[in-house]
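Novice: no sequence for this one, just the structure:
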């Protein structure tokens, strides 16, 4: 392999940065073909991410930013993309990974399988996890894919990992609905053309990249093999994340999120915002946004999704005869986070709780009974505030939530409820 791979690593006070670099080099078939682009957002008091040994190494391009000047993940990613010169491929990662043997040549092999004059592939997906505290024993050995869980009220999509179904019998990559922020492998032209929007703080980054890349003519693929692992834990970075540090300084990091969501809604054409300028970060012209909706089985304005998508069928979704049939195939994606104070619940012998979301007539649109172990886990959480997410497809909109506790000694006990705005 003669091609050079540009490893895109944004690192914010990450104890896993150095182990990630060393493992990438050790496990590569052609380590001299690797170029590391690192946005090093550092606290000088930290000693675990010292890059001094790589400072004069020609394989490393390091952009150092004091951690108090950090502005979010896409901001760091864009600074890294600006480092790309003559490299052939870009591998967009985070800064907490482990690598399989010969991972570099394996990725190139899969990319070449699907690359044609008409297909500009991006190999992507949520990577299986590893534990920094139990490695390599704690590594997941099955490849994952990205799955749509629901729409959030602010307009983005809750994307979660799931098993890549049927991977054992796959020989070539299969289509994906979304781009993963922590794993995307493509020609470097992609990174030069699809600039990261530095005004996106964190949440919504993947959906932003997905629709822009797709409408610029790029095709998304999962690979049926475990090539790289990703740490989904945050214990090793507890209290050192960007929003942790900003909160400690009294900064309103959530305001950055809200501004980013507004930009994404503008991008998705679900809102018209004259004060949002997407120049350089807008949709492409190779495909329409609705082409992506048909491909993925979603409707952004309605926050609706096809059953085929929820059941994790591989895209493109089965075609409809016409627009009316397609619209009728969509279900509303509902999401609500139930917030309550657990000190309301006084008993110590609960055997189940009813958690229901009711319509205006008091009928349950969705109900789940929590068992004894689930209740104990909730009650054992630190603090008194609890947030409980609920999401599902529905034809009726719930207007209130209800939690009704049942105990072994009192039978029906406390009952609380709240309105859904």
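Specialist: Structure's in. What do you need? Bear in mind that the values here come from a model prediction, so they are computed numbers and not experimental data. Numbers count the residues shown, from 1 in each chain.
Novice: which residues touch residue 266?
Specialist: 272-273, 276, 278 (Cβ atoms under 8 Å, 6 or more residues apart in numbering). (Each C-beta comes from the backbone N, C-alpha and C, glycine too.)
Novice: mean confidence for the helix or strand where residue 191 lies?
Specialist: According to DSSP states H and E, residue 191 maps onto helix 188-193. Averaging pLDDT along helix 188-193 gives 97.
Novice: helix or strand right after it?
Specialist: Downstream of helix 188-193, the next assigned helix or strand under DSSP H and E is helix 205-215.
Novice: The stretch 201-350 of the chain: strands as residue ranges?
Specialist: For the stretch 201-350 of the chain, the strands defined by DSSP state E, counting those that start in this stretch occupy 218-222, 228-230, 298-299, 304-306, 330-341, 350-358.
Novice: do you know which of those strands lies nearest residue 391?
Specialist: strand 330-341 (4.3 Å; Cβ to Cβ).
Novice: Residues contacting that closest one, please?
Specialist: Contacts of strand 330-341 (Cβ under 8 Å, 6+ apart): 150-153, 158, 299, 302-307, 310, 355, 357, 365-366, 384-395, 397-398, 401, 403, 416, 418, 420.
Novice: Give the ChimeraX command for selecting the buried subset of those.
Specialist: ChimeraX command restricting the contacts of strand 330-341 to the buried ones, with burial defined by 16 or more other Cβ atoms under 10 Å:
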select :150,151,152,299,303,304,305,306,310,355,357,365,366,386,390,391,392,393,398,401,403
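Novice: which residues in the stretch 101-250 of the chain form helices?
Specialist: Per DSSP state H, counting those that start in this stretch, the stretch 101-250 of the chain carries helices over the ranges 103-114, 188-193, 205-215, 242-248.
Novice: For stretch 22-42, buried residues please.
Specialist: Of the residues in stretch 22-42, those buried (16+ other Cβ under 10 Å) are 23-24, 27-28, 33-42.
Novice: Can you give me the end-to-end span of that stretch?
Specialist: 19 Å (Cα to Cα, to the nearest Å).
Novice: if you average pLDDT over that stretch, what comes out?
Specialist: 98.
Novice: Please apply the same query to stretch 325-342.
Specialist: On average, stretch 325-342 scores 93.
Novice: next one: stretch 94-109
Specialist: Rounded mean pLDDT across stretch 94-109 is 98.
Novice: Can you get me the start-to-end distance on that stretch?
Specialist: 22 Å.
Novice: do stretch 79-88 as well
Specialist: Start-to-end span of stretch 79-88 (Cα to Cα) is 18 Å.
Novice: Neighbours of residue 66, how many?
Specialist: A count of neighbours around residue 66, defined by other Cβ atoms under 10 Å, yields 11.
Novice: Looks like it contacts residue 45 (just checking).
Specialist: No: if you go by Cβ atoms under 8 Å, residue 66 and residue 45 don't touch, sitting 11.3 Å apart.
Novice: Can you list the strands that the helix or strand harbouring residue 38 pairs with?
Specialist: In the assignment (DSSP H and E), residue 38 maps to strand 34-42. Strand pairing for strand 34-42, determined by DSSP bridges: strand 5-12 (parallel), strand 60-66 (parallel).
Novice: low-scoring stretches of the stretch 1-150 of the chain, by residue?
Specialist: In the predicted model of the stretch 1-150 of the chain, residues 1 satisfy pLDDT under 70.
Novice: Can you check which helix is longest in this protein?
Specialist: helix 253-267 (DSSP state H).
Novice: how far off helix 205-215 does that helix point, in degrees?
Specialist: Put simply, helix 253-267 runs at 20 degrees to helix 205-215, going by axes from the mean of the first three to the mean of the last three Cα atoms, to 10 degrees.
Novice: Helix 253-267: how far from the chain's middle?
Specialist: The chain centroid and the centroid of helix 253-267 are separated by 16 Å under Cα atoms, centre = their mean, to the nearest Å.
Novice: related to what we said a few turns ago, so what does the helix holding residue 191 touch, helix or strand wise?
Specialist: strand 5-12, strand 89-93, strand 120-124 (3 or more Cβ pairs under 8 Å, 6 or more residues apart in numbering; DSSP states H and E).
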